[in-house]
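Asker: turn this into a model:
(2 chains)
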Amino acid sequence: MKKFERLLSAIVPLNIENIDTDQIIPARFLKATTREGFGENLFRDWRYNGDNTPKPDFVLNDPTYNGRVLVAGKNFGCGSSREHAAWAIQDAGFDVVISSFFADIFKGNALNNGLLPIQVSDEFLAEIFTAVSKDHNTQLDVDLESQTVTIQATGEEADFEINAYKKSCLINGYDDIDFILAQKDLIEEFEQTR
Amino acid sequence: MSKTLVEKIWDAHVVKSEAGFPDILYIDTHLIHEVTSPQAFDGLRKRGLPVLRPKQTVATADHNVPTINQLQPIKEELSRYQVDMLTKNCAEFGIELYGLGHPFQGIVHVIGPELGITLPGKTMVCGDSHTSTHGAFGAIAFGIGTSQVEQVFATQCLLQQKPKTMKIEVNGTLGKGVTAKDIILYILSKISAAGGTGYFIEYAGSAIEALSMEARMTICNMSIEMGARGGLIAPDQTTFDYIKGREFAPAGAEWDKALAYWKTLYSDADAKFDSVLSFDAEDIGPMITYGTNPGMGMGIKENIPSTSSQPDKEQLSYQKALNYMGFDDDSSLIGKPVDYVFIGSCTNSRIEDLREVAEFVKHKQKAPSVTVWIVPGSKQVEQQAINEGLDKIFEEAGFQLREPGCSACLGMNEDKIPAGKYCVSTSNRNFEGRQGPDARTLLVSPLTAAAAAITGKITDVREMLAEA
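Answerer: Below you'll find the model as predicted:
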């Protein structure tokens, strides 16, 4: 897993609630057996028509929006447990997803891949959407170390929560398997008691 | 100290609990399938690790398999490759595989219970969100991502925060034509598609206790649609009777020992839940969804709630959903023509579901305009249906009885609903494009689906039952 570093980036806004993982990456694109390449089908059916021509209204097809931060409405990532959703978002060039609420499994999957899910208040989320609607190049400063996200133009800042263990994994690029394997003796001891 | 059922099972599986870290939770049984496992096997190879406990791991092919001519090579190249990879990976890492052609093959959440692999008090995981199904037996069962599949392969453990607990009570008696699916769609309509996030839900109350095991599985299955990590029901005599004698269930002295333990698995009378909700079974009628998340449901005779009745911030998303479905504010769905009826999925593809549908459609014919697919949950369910002559009833009704798999629930194989068409479905998700690009899904119970198949339109099944 790569280390997560402080980031100053423009935003891609997706002001829709309850975005499920079938929208993020439809099931028919889950046939690959590697982790790479899912980005081209990110939000496939919102992004392309049936004949594969881009839908010009969709935000990922609007060249005035770009950046490594995806900002979406509440309950992002609900539905299927497919980790392919996190892979697709990352593969498409995002390092951060911001919402006012995340579904559990998506959040875990994102963290396990070094994609940072940031939960902010409904009010702060609305401020980001307002700022980016005025200026498509609005920059966000995401600082994991201090657990803050700042709208650069207005100076509005929000704190965010993250489990201390997960934070250290992201900052150091560690994953859970290294952590658990270091305690293999305990696992075997536990098995003996059953 | 008094404990909830979730706490009892959780605490019995904690290998290590340390302040500031998630618990290391021991996993008894790991179920895998072809779609969410290949990258995890690759991860093991890169790390040079074996599967730590292959005997506690069970595999089947379900998500991506055809439901006709299953014994012929899979036509679609990527699907075939993915299923072949599962076979190869299971052989390499020493995992039992119930693949295509095996008499135990089927949807992973159907075969676990029917083989006696799913047992009270276990911790169970699978790279599939509907793993919550197994909670019906009083197990902690939940869906995980592929990185976690790799974790369980490598360590037979998961790093997990202990979840919050919620109790949902449903008391009273269900009316005629009202089923477990209606209970869970009703709860979803009340607490929304995010209402259970962060919780493990225990279902209780007289209406839940009265349900069969298969009906309980339908309830627990859709816990994830509320955002919950899982759902479970305390095991009782119904549970024990279901398990006894199954292929891998404990037997003899092992059975007695297991049973004694299972009987301790309930929430203590004074156990504290983080949240408690209560519903009355008499308030629940046949349900149907009208939108693009499973929380957008209503009683079948009700009108679609108006956009203006939604919170301001949610109106845009709400209108987007109704536009996708081609429905209007305040309109009724009764009499609305349907194109497809899908009876299947890990929610409703068990033998009781098929029996219920068969009994209802016996000597009836489907409407000519409707295509009806019945996809059994497993080879065993399929065989049982044939043994009981249900296949003949379906044939006479004009329904196609296909072979087991996830099928049109997620449209990963060839079983897709065409763009713009309406599918009345016993599955669990009505997301945009879930059953195929631009397909429109209405979630219902098997009985309501059967009624729509016969009339060709959305129908209140209670009226047909009253006529009979």
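
Asker: show me what contacts the closest residue to residue A:121 other than its chain neighbours?
Answerer: The shortest distance from residue A:121 to any residue other than its chain neighbours is 6.4 Å, reached at residue A:100 (C-beta to C-beta, 6 or more residues apart in numbering or on different chains). Any C-beta I mention is one placed from the backbone N, CA and C, and that applies to glycine too. Residues near residue A:100 by C-beta atoms under 8 Å, 6 or more residues apart in numbering or on different chains: A:73, A:74, A:119, A:120, A:121, A:122, A:124, A:125.

Asker: go again using 7 Å as the cut-off
Answerer: A:74, A:119, A:120, A:121, A:122, A:125 (C-beta atoms under 7 Å, 6 or more residues apart in numbering or on different chains).

Asker: tell me what the worst-scoring helix or strand of chain B on mean pLDDT is packed against?
Answerer: Least confident helix or strand of chain B, by mean pLDDT, DSSP states H and E, is helix B:461-467 with a mean of 94. Contacts defined by 3 or more C-beta pairs under 7 Å, 6 or more residues apart in numbering or on different chains; DSSP states H and E place helix B:461-467 against helix B:446-455.

Asker: from the contact counts, what lies against the helix it packs on?
Answerer: Contact partners of helix B:446-455 among helices and strands, from 3+ C-beta pairs under 7 Å, 6+ apart: strand B:340-343, helix B:351-361, helix B:461-467.

Asker: next one: that helix to chain centre, how far?
Answerer: Remark: helix B:446-455 is offset 20 Å from the chain centroid, using C-alpha atoms, centre = their mean, to the nearest Å.

Asker: check stretch B:254-264 too.
Answerer: That offset, for stretch B:254-264, works out to 27 Å (C-alpha atoms, centre = their mean).

Asker: cool, and stretch B:437-446?
Answerer: 15 Å.

Asker: okay, residue B:141 and residue A:15: tell me how far apart.
Answerer: Taking C-beta to C-beta, to the nearest Å as the measure, residue B:141 falls 35 Å from residue A:15.

Asker: more neighbours: these two, which one.
Answerer: Neighbours were counted for residue B:141 and for residue A:15 using other C-beta atoms under 10 Å in any protein chain shown; residue B:141 has more, 32 against 17.

Asker: just checking, what packs against the helix of greatest length in chain B?
Answerer: Assignment by DSSP state H gives helix B:77-93 as the longest helix of chain B. The helices and strands touching helix B:77-93, judged by 3+ C-beta pairs under 7 Å, 6+ apart, are helix B:38-47, strand B:96-98.

Asker: pLDDT (mean, whole number) over the shortest one?
Answerer: Pointing back at strand B:96-98 there. For strand B:96-98, the mean pLDDT works out to 98.

Asker: partners of it, with directions?
Answerer: strand B:57-60 (parallel) (DSSP bridges).

Asker: off-centre distance for the partner strand?
Answerer: With C-alpha atoms, centre = their mean, you get 17 Å for strand B:57-60.

Asker: show me what the longest helix along chain A is packed against.
Answerer: Of all segments of type helix in chain A, defined using DSSP H, the longest is helix A:122-134. If you count contacts as 3+ C-beta pairs under 7 Å, 6+ apart, helix A:122-134 packs onto strand A:11-14, strand A:148-151.

Asker: how about it: buried residues?
Answerer: A:124, A:125, A:127, A:128, A:129, A:131, A:132 (16 or more other C-beta atoms under 10 Å in any protein chain shown).

Asker: check stretch B:303-316 too.
Answerer: In stretch B:303-316, counting by 16+ other C-beta under 10 Å, buried: B:304, B:305, B:307, B:314.

Asker: can you check stretch A:48-61 too?
Answerer: Across stretch A:48-61, burial judged by 16+ other C-beta under 10 Å covers A:48, A:59, A:60.

Asker: got a list of contacts for it?
Answerer: Residues outside stretch A:48-61 that contact it (C-beta under 7 Å, 6+ apart): A:12, A:13, A:14, A:43, A:46, A:47, A:65, B:419, B:437.

Asker: could you dump those into CSV with neighbour count added?
Answerer: Converted to CSV, those look like this (neighbours: other C-beta atoms under 10 Å in any protein chain shown):
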residue, neighbour count
A:12, 22
A:13, 23
A:14, 21
A:43, 22
A:46, 19
A:47, 16
A:65, 17
B:419, 12
B:437, 20
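
Asker: please convert the helices and strands packed on helix B:77-93 to CSV, extending it with mean neighbour count.
Answerer: Conversion of the helices and strands packed on helix B:77-93 to CSV gives the following (neighbours: other C-beta under 10 Å):
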stretch, mean neighbour count
helix B:38-47, 18
strand B:96-98, 18
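
Asker: would you format the ones you listed as a markdown table with distance to residue A:181 included?
Answerer: Output for the helices and strands packed on helix B:77-93, formatted as a markdown table (distance: least, C-beta to C-beta, whole Å):
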| stretch | distance to residue A:181 |
| --- | --- |
| helix B:38-47 | 9 |
| strand B:96-98 | 24 |
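
Asker: verify the contact between residue B:13 and residue B:25 for me.
Answerer: Yes - using C-beta atoms under 7 Å, residue B:13 is in contact with residue B:25, at 5.3 Å.

Asker: where do the strands sit along chain A?
Answerer: Secondary structure of chain A by DSSP state E: the strands cover A:7-9, A:11-14, A:69-72, A:96-99, A:116-119, A:140-143, A:148-151, A:157-159.

Asker: to residue B:252, which of these lies closest?
Answerer: strand A:116-119 (49.1 Å; C-beta to C-beta).

Asker: and the closest one, what does it pack onto?
Answerer: strand A:96-99, helix A:104-111.

Asker: would you turn these into a markdown table with mean pLDDT?
Answerer: Shown next, in a markdown table, are these (pLDDT from 0 to 100):
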| stretch | mean pLDDT |
| --- | --- |
| strand A:96-99 | 98 |
| helix A:104-111 | 96 |
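
Asker: including distance to chain B, could these go into CSV?
Answerer: As requested, the helices and strands packed on strand A:116-119 are exported to CSV (distance: least, C-beta to the nearest C-beta, whole Å):
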stretch, distance to chain B
strand A:96-99, 11
helix A:104-111, 4
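
Asker: next up, the contacts around residue A:76.
Answerer: By C-beta under 7 Å, 6+ apart, the neighbours of residue A:76 are A:19, A:97, A:99, A:102, A:103, A:106.

Asker: and the gap between it and residue A:119?
Answerer: To residue A:119, residue A:76 is 9 Å away according to C-beta to C-beta.

Asker: so what sits against both of the two?
Answerer: Common neighbours of residue A:76 and residue A:119, using C-beta under 7 Å, 6+ apart, are A:99, A:102.
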